[in-house]
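Chemist: Kindly generate the corresponding structure for this input.
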Amino acid sequence: MILVIWVIALMTVLLGSFALIARTENLQSRHMFDTTAARYAAEAGLERAVYELRRPDPLTRWSGDGRPYEFQFDNALVHVELTDESGKIDLNSAGDDILQQLFVSVGLTLDQATALSDAIQDWRDPDDLVRPHGAEAPEYKSAGRSYVPRNAPFQTVSEVQQVLGMNYELYSRIEPAITIYAGGAEPNAAYAPCQALLSLPGMTPELAQQILQQRQQIPAGQIGVTGLTTPNGLPIVANGGGNTYTVKSRATLANGASAVLDASIRIGGVGAAGKPYTVLRWRDDDEGAAAAQTCGGSPALGGRGPAPRKT
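Modeler: Numbers count the residues shown, from 1 in each chain. The predicted model follows:
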């Protein structure tokens, strides 16, 4: 009898362990399935964005000014935001005024902003001459760095983290506003995100927030005929945007599982993969690469702004 009881107890333990393992594997499989489904739904958001950006009619074409778009894909709700790279600050062409104002807008003092602006320009210029507050090879060696400035244009946006005086916290705050694909001396206010707007002469957080709110209420293709202007009186015109965009796509399944895709693409021609766009940067971020921005402490548009356009 004692032996039978011990055998039954042992079998109970084995059966319970098997049930626990089976349940754990089932949950893992379900999580993997949901994550994969959400990821491909987020990629569908990217493909849909490319299709909408190639529409010939500017009144129905999706806008690259950061306004949100939503659509249903299978059992997922896909939320897409597009930013025309011409609305960002180009690290390879922006001058002192724009760079300094960018850094001041995120909390640096004018002296700190001036030093960082000079260091960025020393990194990208072809000579070894040190700007008044900049840094060339001797300054990097004195700071214990194992590298020296490239003395050539930035090849990636993240490369700016290597500039003397830059740190990750500061980089994470300015990253949505900087690019290497715009080519202009200052950002196009018709597409500029919050921090890029704040770099424009005379801009204040309140005015930048007002422009963002008013801009997203205007139908795509009609910016420039509604009287929006920058602080120096120049009209904000949507014409002249580029063919390079940052696409942030979040897909959320009915059970709450989600995935976020953050990519920079260039539209035009047919890429090596047979697609009508080229991927310049790609990042998967399950924690939310498309986090809402704020202007000087004001609520982000994603929280209280206009409702997403469902298409």
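Chemist: Pro68 is in contact with His79, correct?
Modeler: Yes - in this structure, His79 is within contact of Pro68 by Cβ atoms under 8 Å, at 6.0 Å. (Glycine included, C-beta is placed from N, CA and C.)
Chemist: can you give me the helices for the stretch 1-150 of the chain?
Modeler: Taking DSSP state H, counting those that start in this stretch as the criterion, the stretch 1-150 of the chain carries its helices at 2-53, 96-105, 110-124, 137-142.
Chemist: Would you tell me which of those helices gets closest to Arg173?
Modeler: Nearest to Arg173, of all these, is helix 96-105, at 9.3 Å by Cβ to Cβ.
Chemist: Does the closest one pack against any helices or strands, and if so which?
Modeler: On a contact count with 3 or more Cβ pairs under 8 Å, 6 or more residues apart in numbering; DSSP states H and E, helix 96-105 meets strand 89-90, helix 110-124, helix 168-174, helix 194-197.
Chemist: re earlier: of all the helices of the stretch 1-150 of the chain, which one is nearest Asp262?
Modeler: Taking these one by one with Cβ to Cβ, helix 2-53 is closest: 9.5 Å.
Chemist: helices or strands next to that closest one in the packing?
Modeler: So helix 2-53, by 3+ Cβ pairs under 8 Å, 6+ apart, packs with strand 65-73, strand 76-84, strand 244-253, strand 258-267.
Chemist: could the ones you listed go into TSV alongside mean neighbour count and mean pLDDT?
Modeler: Output for these, formatted as TSV (neighbours: other Cβ atoms under 10 Å; pLDDT from 0 to 100):
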stretch	mean neighbour count	mean pLDDT
strand 65-73	19	93
strand 76-84	24	95
strand 244-253	24	95
strand 258-267	22	93
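Chemist: Kindly reformat these as JSON lines containing distance to Leu3.
Modeler: Formatted as JSON lines, those follow (distance: least, Cβ to Cβ, whole Å):
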{"stretch": "strand 65-73", "distance to Leu3": "60"}
{"stretch": "strand 76-84", "distance to Leu3": "56"}
{"stretch": "strand 244-253", "distance to Leu3": "51"}
{"stretch": "strand 258-267", "distance to Leu3": "54"}
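Chemist: List just the one of those strands that sits closest to Arg145.
Modeler: Nearest of the helices and strands packed on helix 2-53 to Arg145, taken as Cβ to Cβ: strand 258-267 at 27.6 Å.
Chemist: Just name whatever secondary elements the closest one is in contact with.
Modeler: helix 2-53, strand 244-253, strand 277-284.
Chemist: just checking, which of these sits deepest inside the structure?
Modeler: Most buried of the helices and strands packed on strand 258-267 by mean neighbour count (mean count of other Cβ atoms under 10 Å) is strand 244-253; its value is a mean of 24.
Chemist: So what's the gap between that strand and the chain middle?
Modeler: Mean C-alpha position of strand 244-253 versus that of the full chain (Cα atoms, centre = their mean, to the nearest Å) differs by 9 Å.
Chemist: Likewise for stretch 140-160?
Modeler: The answer for stretch 140-160 is 23 Å, by Cα atoms, centre = their mean.
Chemist: Identify the residue nearest the geometric centre of this structure.
Modeler: Nearest to the mean C-alpha position of the chain, by Cα atoms, centre = their mean, lies Pro176 at 4.7 Å.
Chemist: got a list of what it touches?
Modeler: 83, 193-195, 293 (Cβ atoms under 8 Å, 6 or more residues apart in numbering).
Chemist: And for His133?
Modeler: 111, 114-115, 117-119.
Chemist: Would you mind giving both backbone torsions of it?
Modeler: In terms of degrees, to the nearest 10, the main-chain angles of His133 are phi -120, psi 20.
Chemist: Give me the distance between it and Glu206.
Modeler: Separation of His133 from Glu206 (Cβ to Cβ, to the nearest Å) stands at 30 Å.
Chemist: go on, Leu102?
Modeler: Distance from Leu102 to Glu206, by Cβ to Cβ: 18 Å.
Chemist: partners of Gln72 in the sheet?
Modeler: For Gln72, the beta-bridge partners under DSSP bridges are Leu77.
Chemist: Show me the domain layout of the protein.
Modeler: Following the assignment in automatic domain parsing, the chain carries domains at 2-87+238-310, 89-186.
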